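Peer 1: model this:
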Amino acid sequence: MRRTVRGSAHQRVLALALFSSLASVGALSLSAPAHAVSTRAFVLDDAASFGQGELAGVAVRSDGRVVAASRFERSAMPDDAGLVYAALAAPDGTIYLGTGDGGRIHRARAGRIETFVETGQLVVSALALDGATLYAATLPDGRIYAIDTAAAPLTAPRELARLVVTPPEAGAEAQPELVWALALDAAQQRLFAATGPEGRVHAIDLRTGTASVYYDTLAEHVMSLALAPDGSLYAGTTDEALVLRITAANTASVVHDFPGNEITALALRDGVLVVAANEFPDPPAVSGGTTKRSASAARSARPRPGKAIVYRRGTDGRTERVFSQDEGHVTRLELDAGGAIYAATGAEGRIVRIETDRSSSVWADVDERQVLALGLTGPSPFFATGDGAALYRPSETASARTWTSRVLDADFAARWGGLDWRGSEGIRFETRSGNTARPDATWSDWSSPLASPGPIRSAAGRFLQLRATLPEGGELRAVTAYYLPENQRPVVAGVGLKRTPSKREDPTAPPAASPSLPLSWTTDNPDGDRVRYRLRFREESQPVWRSILEEHETLTAAEYAWDTSALPDGWYVVEVEASDELSNPVDLALRSSASSEPLLVDHHPPTVTLTASGTQITGEAVDGLGPIVRLEVAIDGGDFRLLFPEDDLFDGARERFAIDAALLLETPSGDHVVAVRAFDAGGNQGSAEAVLRLGPAPARRAR
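Peer 2: Here you go, the predicted model:
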């Protein structure tokens, strides 16, 4: 059962990180179109195919190159922290980490991580630092704490403010505020808090600890804040995904109305504003009208993940899209001194670096699925994750720079061929293989390295994985792995007459007689070979098969119109053989065959005989094979009407019938012609007529 927390998408990130895991992303299939025993290849030569691999000390650029990048070393959080949702680095290099393990704050310094503060709340959602004072916001009660960083580890920090509002008309506290972001205005000695579910920005006076509503938006939540040097405050909202500029006079203007439904992150530097606009699936409908609070509850049930677009707004006021992705939202943003943007993602545990020319690269890739805290542009670079809390800092040891491909699926057992690549000198490739979709103990070990293109050194199998080690300054541009899959037999089944929807007005009417039988069948063709079909037949009591097609006739369609006009009436079995010889050498071609149920070949119509006596007509319809499937009668050239046999069942090659013409005539007198026709199962029709002589019609009485 998934547990949810009321609030916006960020809060649902917390709930998912605390109580569940995101669905894993499927393996990439990169096999080139080909056939069975023909050579196939996995070709990886663009950002999409490289980007689905695992990165360690390398980055995948948007132009399709794998290049060297910063190395990061992972430090696991103590006490099963669950997630790190907020973090910052102090000037002395200490990193403070707000987590989801009872709202603890941990600090990393001198090579170790220790628990520093226990708030007793669910999550520490935001941090801000003013000199020696650390401010921490928590969920779900909207509490903000002021913590002396010089103090010893605390179990009961001083509460600075609790962001609740007392409606005058109610005389009671409203729903506790959810604090999503903090922004410190050191010059004015105040702290701004972005909150929900009433969509307010609060201002806390740091001298008195009192809180007031600084600006009340029309949105459910204010998710992100950025403070400009002139004192104006930028606020990102949910719902309409607006970025507001709020001045010291408590007036606001819309900077931009972005697509999507949540401005999750903002970053501001040297007059350049960077915005993460996420689009999450629509929440379920809320009954009883929509309010901020009810809509917020509905939003908590929205599925994850969303789509993301990153925008840059320059000093000239022009807003442009610089990055987008359809799978996964952006959780945090940073802007470095050179104008490069770092965007953390919440689906695959990656950090994307976006250059000023809008090119991008996957800068970091970790095992956790959510990067929830960024600090890459300061003197002590770091980032931290959810879905398994960890702190990542630049590695101080020289570790290998490696790119590892996704598991590549050949669909069937395969023999591996050559491995080729394009890139700088000094690249080394290793491979491993197996028969399970995820590498396990049954897989082969990593092969010895290939220093130049050559044969793959792994055992035959269905799955293959590649690992490239790059030298300092090296780059990988493309890699191709060739393989020969095991040929798969085409399996034919369901041989019979092709069924087509009836267009006749009477769906019970027999088919039109024809010497051509429309044969059809199905074929399971796993490896997509071109399939050739051979057709044979025999009379059901005979052992000898005869060919329907000449050997020079090549049939590749799974249907055939069989001309039976030269065959005697009878029951015949048809056999279809499927062969993949058109796509494989003769000695490697595979075949299968299947036979039909006996099919009726009937070229001769039934005979109909009639005997008339008074108004009574008796007769019978007889067919050589049967059964008789329909009888019809008409009087004096009128419309034919359905006629049933004596036993009401059409179940044999001989059917007797009787007709009382008096029931069909308005006046049972005079001469009349009665016609009866019979149909057999092959649609053949036979008929006969008889004349009824019932005497003169009675004279009409004069009035």
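Peer 1: so what strands line up beside the helix or strand harbouring A203?
Peer 2: Per DSSP states H and E, A203 falls inside strand 200-205. Next to strand 200-205 in the sheet, as set by DSSP bridges, lie strand 190-196 (antiparallel), strand 211-216 (antiparallel).
Peer 1: can you redo those as TSV with mean pLDDT, mean neighbour count and distance to L178?
Peer 2: (Each C-beta comes from the backbone N, C-alpha and C, glycine too.) Output for the strands paired with strand 200-205, formatted as TSV (pLDDT from 0 to 100; neighbours: other Cβ atoms under 10 Å; distance: least, Cβ to Cβ, whole Å):
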stretch	mean pLDDT	mean neighbour count	distance to L178
strand 190-196	93	25	5
strand 211-216	90	17	14
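Peer 1: could the ones you listed be laid out in TSV, adding distance to P439?
Peer 2: Output for the strands paired with strand 200-205, formatted as TSV (distance: least, Cβ to Cβ, whole Å):
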stretch	distance to P439
strand 190-196	43
strand 211-216	53
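Peer 1: how about these, which one is nearest T564?
Peer 2: Each of those has some distance to T564 by Cβ to Cβ; the shortest is strand 190-196, at 76.9 Å.
Peer 1: how many neighbouring residues does P197 have?
Peer 2: 27 (other Cβ atoms under 10 Å).
Peer 1: touching, it and A219? I think so.
Peer 2: No. Counting by Cβ atoms under 8 Å, P197 does not reach A219; the two are 9.6 Å apart.
Peer 1: L419 and I456 touch, don't they?
Peer 2: Yes. The pair formed by L419 and I456 meets the contact definition of Cβ under 8 Å, at 5.0 Å.
Peer 1: mutual contacts of the two, please.
Peer 2: Counting by Cβ atoms under 8 Å, 6 or more residues apart in numbering, the shared contacts of L419 and I456 are T431, A481, Y482.
Peer 1: wait, the last one sits on T39?
Peer 2: The reference is to Y482. Yes. Using Cβ under 8 Å, Y482 is in contact with T39, at 5.7 Å.
Peer 1: what's the spacing between the lengthiest strand in the chain and its chain's center?
Peer 2: If you go by DSSP state E, the chain has its longest strand at strand 408-423. Chain-centre distance of strand 408-423: 26 Å, with Cα atoms, centre = their mean, to the nearest Å.
Peer 1: for the nearest residue to T442 once chain neighbours are set aside, name its beta-bridge partners.
Peer 2: With sequence-adjacent residues excluded and distances taken as Cβ to Cβ, 6 or more residues apart in numbering, T442 is closest to G434, at 5.7 Å. Beta-bridge pairing of G434 under DSSP bridges involves F463.
Peer 1: repeat that for L419.
Peer 2: Under the criterion used (DSSP bridges), L419 bridges to G454, A481.
Peer 1: residue contacts, it?
Peer 2: Applying Cβ under 8 Å, 6+ apart, the residues near L419 are F429, T431, L450, P453, G454, P455, I456, L466, V479, T480, A481, Y482.
Peer 1: restricting to C-alpha, output stretch 334-346 in PDB.
Peer 2: Extracted as PDB, the C-alpha positions of stretch 334-346 are listed here (Å, rounded to 0.1, in the frame of the first residue of the first chain):
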ATOM      1  CA  GLU A 334      22.300  25.400  -9.500                       C
ATOM      2  CA  LEU A 335      23.900  28.100 -11.700                       C
ATOM      3  CA  ASP A 336      27.700  28.400 -11.700                       C
ATOM      4  CA  ALA A 337      29.800  31.500 -12.300                       C
ATOM      5  CA  GLY A 338      30.300  30.600 -15.900                       C
ATOM      6  CA  GLY A 339      26.600  30.300 -16.600                       C
ATOM      7  CA  ALA A 340      26.400  26.500 -16.700                       C
ATOM      8  CA  ILE A 341      23.300  25.000 -15.100                       C
ATOM      9  CA  TYR A 342      23.300  21.800 -13.000                       C
ATOM     10  CA  ALA A 343      19.900  20.100 -12.900                       C
ATOM     11  CA  ALA A 344      19.200  17.200 -10.500                       C
ATOM     12  CA  THR A 345      16.600  14.700 -11.500                       C
ATOM     13  CA  GLY A 346      14.100  12.600  -9.500                       C
END
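Peer 1: sketch out the low-pLDDT regions of the stretch 51-200 of the chain for me.
Peer 2: 79-81, 156, 160-176 (pLDDT under 70).
Peer 1: then the stretch 251-400 of the chain?
Peer 2: Using pLDDT under 70, the stretch 251-400 of the chain drops low at 282-305, 398.
Peer 1: what ranges do the helices span in it?
Peer 2: For the stretch 251-400 of the chain, the helices defined by DSSP state H, counting those that start in this stretch cover 292-299.
Peer 1: neighbours of D326, how many?
Peer 2: 10.
Peer 1: what's the burial count for the nearest residue to it once chain neighbours are set aside?
Peer 2: Closest residue to D326 apart from its sequence neighbours, by Cβ to Cβ, 6+ apart: K307 at 5.0 Å. Residues near K307, counting by other Cβ under 10 Å, number 19.
Peer 1: likewise for A187?
Peer 2: 9.
Peer 1: please identify which helix or strand holds it.
Peer 2: Short version: A187 belongs to no helix or strand, going by DSSP H and E.
Peer 1: name all residues that make contact with it.
Peer 2: G231.
Peer 1: which strand residues bridge A86?
Peer 2: Going by DSSP bridges, A86 forms beta bridges with G98.
Peer 1: that one and I95 touch, don't they?
Peer 2: No. With contact defined as Cβ under 8 Å, A86 does not reach I95; the gap is 11.3 Å.
Peer 1: tell me the spacing between S232 and G196.
Peer 2: From S232 across to G196, the span is 22 Å (Cβ to Cβ, to the nearest Å).
Peer 1: list the buried residues of stretch 387-395.
Peer 2: Within stretch 387-395, the residues that count as buried by 16 or more other Cβ atoms under 10 Å are D387, G388, A389, A390, L391, Y392, R393.
Peer 1: show me the domain layout of the chain.
Peer 2: 10-20+28-48+58-399, 402-485, 491-601, 607-693 (automatic domain parsing).
Peer 1: so of the ones you listed, which one's packed in deepest?
Peer 2: Across the domains of the chain, the average number of neighbours (mean count of other Cβ atoms under 10 Å) peaks for domain 10-20+28-48+58-399, which reaches a mean of 19.
Peer 1: ok now that domain, how far from the chain's centre?
Peer 2: That offset, for domain 10-20+28-48+58-399, works out to 26 Å (Cα atoms, centre = their mean).
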